[in-house]
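> starting from these lines, generate the structure:
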Amino acid sequence: MTTIFNGMSNSLDEIISRLKKGEVGIFPCDTIYGICSIVQPEQKERIMEIKKRALNKSFISLVNFDYLKKSDLTVPEVLYSVWPAPLTAILADSTGVTYAVRVPKDNNLAPILKELGAIYSTSVNISSQKALQVFEDIYEEFNGIVDFIVKEEVDVNAKASTILDCTKHPFVVLRQGAFDVSSIL
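Have a look, this model is predicted:
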């Protein structure tokens, strides 16, 4: 049975504890609801199964600045001037492997990221279907499938993050979303 939490701020300690244990949950992720877990191969596979998603697809990792500083990722300086924001950047590490990362603005995510460093986040849907943004729809589709869902008021018309490929020069917009990149292109 899926546990329901009423609000993020009331439940942060329990959410962090459950994510540390490897649980998969659904909660607001700065822009829209996300299916989230710690960044570990087993949890990635579980989310792939939940979404019925191809194994060669990847997820966005929500991170904080401390995580970025410790990482091997090449982060263009301009990103530090706009993050935290609903902007996901495709970045490469020193071996050329690419990752999608975002520093979210949501204050409820800060303690989670401080404790865990990074979490996977992906839209709440079965692959190729429309992302769900209304709690009742999310509950109906994912109750009994994920470990927990946070019931929180969100803007049902919110856009997903903008995705910017920063491995290309000039940068390439892969998905126009909630962030206007015109100021950094």
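> going forward, measure contacts and count neighbours with C-alpha atoms only.
OK.
> residue closest to the middle of the protein?
residue 121 (2.7 Å; C-alpha atoms, centre = their mean).
> what comes up buried for stretch 27-43?
For stretch 27-43, burial by neighbour count (16 or more other C-alpha atoms under 10 Å) applies to 27-39, 43.
> inside helices: which ones of these?
Among these, the residues falling in helices (DSSP state H) are residue 43.
> between the buried residues of stretch 27-43, which sits nearest residue 151?
Nearest to residue 151 among the buried residues of stretch 27-43 is residue 27, at 7.4 Å by C-alpha to C-alpha.
> run through the bridge partners of that closest one.
residue 34 (DSSP bridges).
> so it sits right up against residue 15, yeah?
No. Here residue 27 does not reach residue 15: they are 9.6 Å apart, not a contact under C-alpha atoms under 8 Å.
> just the buried positions in stretch 124-138, please.
Buried-residue list, stretch 124-138, by 16+ other C-alpha under 10 Å: 124-126, 131-135, 138.
> so the residue nearest to the centre of the chain sits in a strand?
Yes. Assigned with DSSP: H, G, I helix; E, B strand; the rest coil, residue 121 falls within a strand.
> which residues does the closest residue in space to it that isn't next to it in sequence contact?
For residue 121, ignoring the flanking residues on the chain, the nearest one in space by C-alpha to C-alpha, 6 or more residues apart in numbering is residue 36 at 4.6 Å. Neighbouring residues of residue 36 by C-alpha atoms under 8 Å, 6 or more residues apart in numbering: 24-27, 119-122.
> please tabulate these in CSV, including the columns pLDDT and distance to residue 173.
Converted to CSV, these look like this (pLDDT from 0 to 100; distance: C-alpha to C-alpha, whole Å):
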residue, pLDDT, distance to residue 173
24, 99, 29
25, 99, 29
26, 99, 27
27, 98, 26
119, 98, 23
120, 98, 21
121, 97, 19
122, 96, 18
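> which of those residues tops the neighbour count?
In terms of neighbours by other C-alpha atoms under 10 Å, the contacts of residue 36 top out with residue 121 at 27 neighbours.
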